[in-house]
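Asks: coords please:
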Amino acid sequence: MTNERGKVYLVGAGPGDAAYLTVKAYNLLATAQVLVYDALVDAQLLQCVPDDCLKLDVGKRGGKPSTSQAQINKLLVKHCLQGKQVIRLKSGDPLIFGRCTSEIEALKASGCDFELVPGISSALAAPLLAGIPLTDPVLSRTFAVLTAHEPEVLDWEALSRLETLVILMGGRHLAEIVDQLVQHGRSHLTPIAIIRWAGTPDQQIWTAQLGNILEQTAGLPISPAVIVIGEVVGLRKYLQPEKIDCQVSTTAKTFSPPAMSSNFPLSPLTGKMILVTRSVGQSSQFSDRLIASGATVIEMPTLEIGPPSTWEALDHAIAHLSDFDWLILTSTNGIDYFFERLTTQGKDSRALAGIKIAVVGEKTAQSLKQRSLQADFIPPNFVADSLVENFPDKLDGKKVLFPRVESGGREVLVKELTLKGAKVIEVAAYQSCCPSGIPPAAKLALQNRKVDVITFASSKTVQFFCQLTNNIFPNNSDASQVLEGVCIASIGPQTSKTCHDLFGRVDVEAQEYTLDGLTQALIVWAANS
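Replies: Numbering: from 1, shown residues only. Here you go, the predicted structure:
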């Protein structure tokens, strides 16, 4: 047992061939410590995991010995509680006949962290790859996806009335499927297609009618297969590429990461793995922006925020708020803790009547607005230096309250305000410290050199990142090698200065010193790299 939290990713492997794996799934495989995979998963995917990854085959195949679901659940929980990054790789999509419910219940019951990663279901991919549309304005305005694993429990009367059926796990029950549909009114002339090993070089396709499909496939192995029944099967002859029927092939396949075709408009950060350093518990809105732009994101909390060692100075300042002319807030953390303490002292925003408020940063201003307060001054460039340069009031003789992080910072701001005649009262409103460890996904991505970009939104995140990675790479040369070729992206000049001090470089700096600005800077970088 370890104190470090593991995580289980329930990942869809797609219809078969590794080429149909999602980029996110591929990047997760590259950092896997334990791989738990099904029988229908393409063997080439096993080459995507690190050499020291533990591979566990738990595949379920009809009529053959297989791992029980209870055993699979125990395996996932066991390795997660050991602090491992576990990839549960399932054919198709994990929530389409993937028996995920039992696994998720077991993970939740044991307090294990997990995430679902979608895959392309064979129910959708197989017909498409065979040139069969599941919908058509005239022939198919609806379709149903079902499993024929237990055909006796299905409502065949209702199913026979639907225009198009897509049946999974029906190869061994083809005769019963045909018999049930014909008995319940489906014409024996209804087109049917059987697609075996869809999306692989071994793909085979049989097309016929309900009345003669059993004759055509007699004695042939047709599992694993996707069965499509309906008039849309007849459209295949108009839509299929030439020679779409594939004969059994023994040609070996060599897997490489999914190619990005220039024929399709890709999101600007597609194919980039970005390590986002942030505060523990902080909103993932920045990660969401990057993901929306096509990136694969791994979050690495490098900052823990908590209360200061003592509230004495802040409480004294709150008790004498009327003595101050200006309140300066430079972070959302400062706002959160200041107002939390204001409430603790039995006060609310009315206690700030007569005091002007200056904030640094758009996000800080938005946080203030959420408390129904409007900043009196926001510097144009979202940085502390700009606050002093553009301050709208004469500072000589003004008393300024500055709640900040206990460990200090913003020395330049305090110095410049003081030089202009202000009396600055600094009080500790919160504390920041380095987390105890690195999430397994982030650690493995760094060790395996899978990271393309590391983002930093404050000097503290840079400092604590170095502290954390020094524990992984005690040899400085190892750390340098890991960062070689990795884009270091900074939100603004102060953070960039710390990057230069500790890394010797900054590759991307936001023009507008916000998370939106950093996202845009990375998009520009990706377009030019």
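Asks: does the residue most central in space within the chain count as helix, strand or coil?
Replies: When C-alpha atoms, centre = their mean is applied to the chain, the residue found nearest the centroid is Val297 (5.5 Å). Under DSSP: H, G, I helix; E, B strand; the rest coil, Val297 falls in the strand class.
Asks: list the contacts for it?
Replies: Going by C-beta atoms under 8 Å, 6 or more residues apart in numbering, Val297 touches 273-276, 287, 290-291. The C-beta positions use only the backbone N, C-alpha and C, and glycine is treated the same way.
Asks: Restrict those to the buried ones and give me that as a PyMOL selection.
Replies: To isolate the buried subset of the contacts of Val297 in PyMOL, counting by 16 or more other C-beta atoms under 10 Å, use the following:
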select buried, resi 273+274+275+276+287+290+291
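Asks: how about the contacts of Val297 in a markdown table, adding secondary structure?
Replies: Shown next, in a markdown table, are the contacts of Val297 (three-state DSSP):
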| residue | secondary structure |
| --- | --- |
| Met273 | strand |
| Ile274 | strand |
| Leu275 | strand |
| Val276 | strand |
| Ser287 | helix |
| Leu290 | helix |
| Ile291 | helix |
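Asks: Quickly list what the residue nearest to the centre of the chain is bridged to.
Replies: Ile274 (DSSP bridges).
Asks: now swap in Ala358 and tell me
Replies: Applying DSSP bridges, one finds that Ala358 bridges with Ile328, Phe377.
Asks: how close does Asp376 get to Ile104?
Replies: 50 Å (C-beta to C-beta, to the nearest Å).
Asks: More neighbours: the two, which one.
Replies: Ile104 (18 against 14; other C-beta atoms under 10 Å).
Asks: was I right about that one contacting Glu115?
Replies: No. Shown here, Ile104 and Glu115 do not form a contact pair, counting by C-beta atoms under 8 Å, at 10.6 Å.
Asks: Quick one: the helices in the stretch 401-529 of the chain, in order.
Replies: For the stretch 401-529 of the chain, the helices defined by DSSP state H, counting those that start in this stretch cover 411-419, 440-447, 459-472, 476-483, 493-503, 515-528.
Asks: Pick out whichever of the contacts of Val297 sits closest to Leu387.
Replies: Val276 (26.7 Å; C-beta to C-beta).
Asks: contacting residues around that closest one?
Replies: Per C-beta under 8 Å, 6+ apart, neighbours of Val276: 286-287, 290, 297-300, 455.
Asks: okay, and for this protein, where does confidence drop off?
Replies: 1-4, 60-65, 240-266, 280-283, 381-385, 409, 475-480 (pLDDT under 70).
Asks: follow-up on the earlier one: can you lay out the helices of the stretch 401-529 of the chain as TSV showing mean neighbour count?
Replies: Below are those laid out as TSV (neighbours: other C-beta atoms under 10 Å):
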stretch	mean neighbour count
helix 411-419	15
helix 440-447	22
helix 459-472	19
helix 476-483	13
helix 493-503	18
helix 515-528	18
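Asks: SS state for the most far-flung residue of the chain relative to its centre?
Replies: What lies farthest from the middle of the chain is Gly397; by C-alpha atoms, centre = their mean that is 51.1 Å. Three-state call for Gly397 (three-state DSSP): coil.
Asks: Confirm for me that it is in contact with Gly421.
Replies: Yes. Shown here, Gly397 and Gly421 form a contact pair, counting by C-beta under 8 Å, at 6.1 Å.
Asks: what about Thr364, how many neighbours?
Replies: Per other C-beta under 10 Å, the neighbour tally for Thr364 reads 21.
Asks: and what of Gly131?
Replies: Other residues close to Gly131 by other C-beta under 10 Å number 18.
Asks: Using the three-state scheme, assign it.
Replies: coil.
Asks: Can you report phi and psi for it?
Replies: phi 80, psi 30 (degrees, to the nearest 10).
Asks: before we move on, back to that, quick one: contacts for the residue farthest from the centre of the chain?
Replies: 421-423.
Asks: Looking at those, spot the one nearest Ser122.
Replies: Ala422 (68.2 Å).
Asks: hang on, Leu515 packs against Phe456?
Replies: No. The pair Leu515 / Phe456 is not scored as a contact, 11.5 Å apart, by C-beta under 8 Å.
Asks: Tell me the spacing between Pro133 and Leu417.
Replies: Counting by C-beta to C-beta, the gap from Pro133 to Leu417 is 68 Å.
Asks: what does Ile274 give?
Replies: With C-beta to C-beta as the criterion, Ile274 and Leu417 are 36 Å apart.
Asks: Please apply the same query to Lys369.
Replies: 24 Å.
Asks: again, but for Leu134
Replies: To Leu417, Leu134 is 67 Å away according to C-beta to C-beta.
Asks: now Arg141
Replies: Distance from Arg141 to Leu417, by C-beta to C-beta: 69 Å.
Asks: try His149
Replies: Taken as C-beta to C-beta, the span from His149 to Leu417 is 72 Å.
Asks: Leu146 too?
Replies: From Leu146 across to Leu417, the span is 70 Å (C-beta to C-beta).
Asks: can you map out the helices along the stretch 51-200 of the chain?
Replies: Going by DSSP H, counting those that start in this stretch, the stretch 51-200 of the chain shows helices at 69-81, 100-109, 122-129, 156-159, 174-183.
Asks: Now do the third one: which elements does it pack against?
Replies: If you count contacts as 3 or more C-beta pairs under 8 Å, 6 or more residues apart in numbering; DSSP states H and E, helix 122-129 packs onto strand 164-168, strand 191-196, strand 225-229.
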